[in-house]
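Visitor: Dropping the sequence and predicted coords here.
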Amino acid sequence: MANCSDSVLFVFVLSRHFYLPSDSYHKLLTTTPKYYIKNENSKYVRVKVHESFHRQQLRKVIGVRYPSTISNDKLHKRTKTEPLRSHLLRSRWRLFGHILRRPAEIPANRFMIAFFTPSETGKWRGRHRQTLPTILDADLQTLSAGHRLQRAPDLYLLRLCAQDRAAWKDLTESLLAYAPLNGPWSREKRNVENER
C-alpha cells in the first residue's frame, strides 16, 4: 500500500503543473486519509486535522491560492464532496447495519451481546474508554427521538430496525442531517470544560 505522504506528494506535483479534475483527486487521494481515520481512534481532534488537510488538498486541486478565498461549504459544493466526518458517520452506520443483519452466531454479534450483558466484576476505574458502542450512542443522542445504545434491549431494537434496509437508510440519513457540523460539543461547552 502506498504511503500517505507519497500520494500527497504525487497529487501536489500534479496539481502544480497540470489541471487535475476533482474526480481524479477522489480516486487518487481520498481513500488513503479515510483509511487512516477509520483505523485510528477517531477522536474529534484527529478527524478535524484530517478534514483540514482534505480541504487544503481540494483547494489546490481547484486552484484556489492565497489572495482568493473560498468558504468550506462552497468548496464542498464546487468539488461535489462532503466533509470526511459525514463519510465516516455514513460508513460507520452502514457497517453497523450490515453486522446487525447477519446471523447472531458470527463473532461480531456475539461480542456485542457480551458487551451489553451485565457482568459481575467491578466497574472500570478511571477515564471512560472511547469504544465503538459509545461513539454509536453519541451519534444516536443527536436525534430528537431519544434513541440510545446502552443496554441489550437497545441493541435488539436497532437489530429489528436494521432488518428493514429502507428504514435503516432513513435512520442513517437522519443521523447525517442532525450531526453537529463543528464537532461533538458546542464551543461554549468546550470552553466551560477547559476552564475547570
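Guide: Nice, thanks for sending it over.
Visitor: Quick one, grab the pLDDT at Leu155.
Guide: The model reports Leu155 with a pLDDT of 93.
Visitor: Pretty sure it sits against Ala114.
Guide: No: counting by Cβ atoms under 8 Å, Ala114 is not a contact partner of Leu155; they are 11.2 Å apart. Every residue, glycine included, has its C-beta placed from N, CA and C.
Visitor: Compare neighbour counts for these two and give me the winner.
Guide: Neighbour tally, Leu155 and Ala114, criterion other Cβ atoms under 10 Å: the higher count belongs to Leu155, 19 against 9.
Visitor: excluding its backbone neighbours, what's nearest the more buried one?
Guide: Phe116 (5.6 Å; Cβ to Cβ, 6 or more residues apart in numbering).
Visitor: Would you list the phi and psi of the one you found?
Guide: Backbone torsions of Phe116, given as degrees, to the nearest 10, read phi -90, psi -10.
Visitor: Quick check, it in contact with Arg148.
Guide: No: if you go by Cβ under 8 Å, Phe116 and Arg148 don't touch, sitting 11.5 Å apart.
Visitor: Return every residue with contacts to both of these two.
Guide: Both Phe116 and Arg148 are contacted by Asp154, under the criterion Cβ atoms under 8 Å, 6 or more residues apart in numbering.
Visitor: so how far is Val61 from Phe116?
Guide: The gap separating Phe116 from Val61 is 44 Å, by Cβ to Cβ, to the nearest Å.
Visitor: what's the weakest-modelled helix or strand in this structure?
Guide: helix 4-17 (a mean of 45; mean pLDDT, DSSP states H and E).
Visitor: any weak-confidence spans in this structure?
Guide: Applying pLDDT under 70 to the chain flags the ranges 1-45, 181-196.
Visitor: mind redoing it with 80?
Guide: 1-47, 122-124, 128-129, 144-146, 180-196 (pLDDT under 80).
Visitor: quick one: terminal-to-terminal distance for stretch 139-153?
Guide: 18 Å (Cα to Cα, to the nearest Å).
Visitor: cool, and stretch 125-142?
Guide: OK, stretch 125-142 end separation, Cα to Cα: 27 Å.
Visitor: Much appreciated, bye for now.
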